[in-house]
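Student: A predicted structure for the sequence below; I have some questions about it.
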Amino acid sequence: MKDRYPRGASRRSILQQFGAAAVGISFAGGLSACSSPGERVVNFYNWDTYIGPTTLKDFQAAAGARVEMSLFSNNDELFARLRAGNPGFDVIVPSNEFVTRMSEANMLMPLDRAKIPNFANLLPEFQDAAFDPGRKYSMPYTWLVLGIGYRKEAMLNGETPNSWRYLFDSDQYAGRIALISESADLVRLCGKYMGLSINNIPDEALTQIEQMLIRQKPRIKKFHGDDGQDLLASGEVDIVLEYNGDIAQLMAAEGGEKFDFVVPQEGTLITSDCLCIPAGAPNPDDAHAFINYLLDAEAGEKITREIQYPTPNAAAAARMDAAYQSNRAIFPPADVMAKSEYGAFEGDARARMYEEIFTRISAA
């Protein structure tokens, strides 16, 4: 029996095959109540398809603590789940601006660097971060970009959909489009399409973005929650807003030659997903040990081979082959990356404004 599931298979299909309990995974942030008295358990709140196939059991074998992984679909869901208090999570994976938002709201525990010696494996440019000076609250897990995944045979005249226009402001693929449901990212990418920075978008432009997406809504098949690659693979849509690694997973799976990924010419949003310990974590020592394990060279390599995202772990990257290093879906062209930006947390009021914009679009 193979020791890994096929690349591109979603957590949903894995659970259907093996059952959630078999791999220590649950949905909707539900925490396991199956631990035995005295058993050490790390409750891990993570994105879908975002871990190596043996990582959890390998950590248990190495450290003696079992990992229970629950899944969330976007940062808004993660934040809402912990806003009223930590229900029992030990390690979470927020994106960069949510690291800032959660740390300012006292929702994160400062990390003890002495308990994370594998910090030394990180590329120098990831050992500090503007969104978390001194890496007080976070360790980098991946970096990633949003772009357009598409079914090649469905593209008119074999074109490459290399502009956000195809998703936000065109009827060309009406009824065959899927967009992400994460409010801030969606709004910001519309701003990028309009020639603006993704940060500090003027209020009048926000109104224009809302009107544009309301016009586009009848042409949109679905606002998805981190499963755009599944919609593309199933044939429900032909063109989707999704993260590069998710589409790279699909492209690496059987039949992957039918699909491709492009970062639009206007540039995109760069994100770094991070490992954090939420305030009130019941098992902070094992949480530190788990984070340190995820930054190990061999463990990091196994994760990177599976999830197909760029890794900030130099020791893990050095173990990857040339096919990974040259994959243009994983590492977009330099000229497009030069037009791309990290999103910055702009305060709770602006975050709520993005959420309200998306709510009105959804209700339109």
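Tutor: Great, that's in hand. Because the structure is a prediction, the values reported are computed rather than measured.
Student: S197 touches S340, doesn't it?
Tutor: No - S197 is beyond contact range of S340, at 10.8 Å (criterion: Cβ atoms under 8 Å). The way it works is simple: take the backbone N, C-alpha and C, and place the C-beta from them, glycine included.
Student: what about these two, which has more around it?
Tutor: Between S197 and S340, S340 has the larger neighbour count (other Cβ atoms under 10 Å), namely 19 against 13.
Student: Quick one: residues contacting that one.
Tutor: For S340, the contacting residues are 145, 263, 267-270, by Cβ atoms under 8 Å, 6 or more residues apart in numbering.
Student: go with 7 Å
Tutor: 145, 267-270 (Cβ atoms under 7 Å, 6 or more residues apart in numbering).
Student: List only those of these flagged as buried.
Tutor: Taking 16 or more other Cβ atoms under 10 Å as the criterion, what is buried in the contacts of S340 is 145, 267-270.
Student: E125 - how many residues pack around it?
Tutor: Per other Cβ under 10 Å, the neighbour tally for E125 reads 11.
Student: Phi and psi next, for the nearest residue to it once chain neighbours are set aside.
Tutor: For E125, ignoring the flanking residues on the chain, the nearest one in space by Cβ to Cβ, 6 or more residues apart in numbering is P312 at 7.9 Å. The phi/psi pair for P312 (degrees, to the nearest 10) reads phi -90, psi 0.
Student: about what we covered before: ok, of the contacts of S340, which one's closest to A248?
Tutor: V145 (11.0 Å; Cβ to Cβ).
Student: Surely that closest one forms part of a helix?
Tutor: No - counting by DSSP: H, G, I helix; E, B strand; the rest coil, V145 is not part of a helix but strand.
Student: Surely it touches I330?
Tutor: No - V145 is beyond contact range of I330, at 9.4 Å (criterion: Cβ atoms under 7 Å).
Student: what do those two both touch?
Tutor: Common neighbours of V145 and I330 (Cβ under 7 Å, 6+ apart) are N244.
Student: measure the residue nearest to E125 to T142 for me?
Tutor: 7 Å (Cβ to Cβ, to the nearest Å).
Student: and what of Y45?
Tutor: Distance of Y45 to T142, computed by Cβ to Cβ: 16 Å.
Student: what ranges do the helices span in the stretch 251-364 of the chain?
Tutor: Under the criterion DSSP state H, counting those that start in this stretch, the stretch 251-364 of the chain contains helices at 284-294, 297-307, 314-317, 322-325, 334-337, 348-363.
Student: go on, the stretch 101-250 of the chain?
Tutor: 165-168, 183-193, 203-216, 228-234, 244-252.
Student: so which of the ones you listed comes closest to E125?
Tutor: Closest among the helices of the stretch 101-250 of the chain, using Cβ to Cβ: helix 244-252, at 18.4 Å.
Student: Give me the residues contacting that closest one.
Tutor: Contacts for helix 244-252 (Cβ under 7 Å, 6+ apart): 7-8, 49, 144-145, 147, 149, 228-229, 232-233, 256, 259, 261, 307-309, 327, 329-330, 332.
Student: End to end on stretch 153-169, go ahead and measure it.
Tutor: Start-to-end span of stretch 153-169 (Cα to Cα, to the nearest Å) is 21 Å.
Student: what does stretch 235-242 give?
Tutor: 15 Å.
Student: Equivalent analysis for stretch 220-228, please.
Tutor: Distance between the two ends of stretch 220-228: 13 Å, counting by Cα to Cα.
Student: now stretch 119-133
Tutor: Stretch 119-133: ends 15 Å apart by Cα to Cα.
Student: Also stretch 83-99?
Tutor: Note: stretch 83-99 ends 13 Å apart using Cα to Cα.
Student: where's that stretch relative to the chain centroid, distance-wise?
Tutor: Taking the mean of its C-alpha atoms, stretch 83-99 sits 14 Å from the chain's own mean (Cα atoms, centre = their mean, to the nearest Å).
Student: where are the low-confidence patches of this protein?
Tutor: Applying pLDDT under 70 to the chain flags the ranges 1-37.
Student: could you pull out the strands for it?
Tutor: 25-26, 41-47, 66-72, 91-92, 139-151, 177-180, 220-224, 239-243, 259-262, 269-275, 341-342 (DSSP state E).
Student: rewinding a little: please produce CSV containing the helices of the stretch 101-250 of the chain, extended by mean neighbour count and distance to A281.
Tutor: Output for the helices of the stretch 101-250 of the chain, formatted as CSV (neighbours: other Cβ atoms under 10 Å; distance: least, Cβ to Cβ, whole Å):
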stretch, mean neighbour count, distance to A281
helix 165-168, 22, 38
helix 183-193, 23, 26
helix 203-216, 15, 36
helix 228-234, 22, 31
helix 244-252, 26, 27
